[in-house]
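**Q** Just the structure for this:
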Amino acid sequence: MTTTDTPTIFIGLDYGLRRIGVAVGDASRFLAFAHGTHVEGKDGSIFKYLSEIIHSRQVNGVVIGLPLKTDGNDGEITLKVRRFAVRLEEEFQLPVILWDERYSSQEADRWLKDKKRSSKEDRDALAAEIILQSYLDSIDSRELGP
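**A** Got it, this is the predicted structure:
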């Protein structure tokens, strides 16, 4: 990236029916950070919530964890995530990347097991961070080459 290039900033989402974990990447595209969790029915519209993050952080890409079954096939929630991704693209006119998230919640649980007070919201935000970090790592490895 040259100094005249616009930095690419991504947000990562761990989609759930009740909660959506959110992570934000840095402008260098090296690090993802847990940002928070949107709770359905408590925090208002998910689109308003994301709009504030997208505009304040100048986000220009969204990575959503795609919850594939262990065999790699779509499940019931996977179809909901795909529909949500289409709505996000239409609403924000940003590219949306679906990223395999298998085991991200279990990995978040492992990271949080020593923390004395963790919540479901912590888990979802951390899962979003893991999803986004995995995607960012894949970009770096493709750009750096063999």
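**Q** Run a quick neighbour tally on residue 58.
**A** Residues lying near residue 58 (other CB atoms under 10 Å) number 11. C-beta here means a position set from N, CA and C on the backbone, and glycine is covered the same way.
**Q** shouldn't it be in contact with residue 9?
**A** Yes - at 5.9 Å, residue 58 and residue 9 qualify as touching, with contact defined as CB atoms under 8 Å.
**Q** for the longest helix along the chain, packing partners?
**A** Longest helix in the chain by number of residues, with DSSP state H as the criterion: helix 120-144. Here helix 120-144 touches strand 10-14, strand 19-25, strand 32-39, strand 61-66, strand 96-100, helix 104-112, going by 3 or more CB pairs under 8 Å, 6 or more residues apart in numbering; DSSP states H and E.
**Q** And for the first one, what's in contact with it?
**A** In this case it means strand 10-14. 20-25, 29, 32, 35, 50, 53-54, 57, 59-65, 99, 101, 104-105, 124-125, 127-129, 131-133, 135-136 (CB atoms under 8 Å, 6 or more residues apart in numbering).
**Q** Name the helix or strand of the chain that has the lowest mean pLDDT.
**A** Within the chain, confidence by mean pLDDT, DSSP states H and E is lowest for helix 104-112 among all helices and strands, at a mean of 63.
**Q** How about the contacts made by residue 23?
**A** 11-14, 32-35, 125, 128-129, 131-133.
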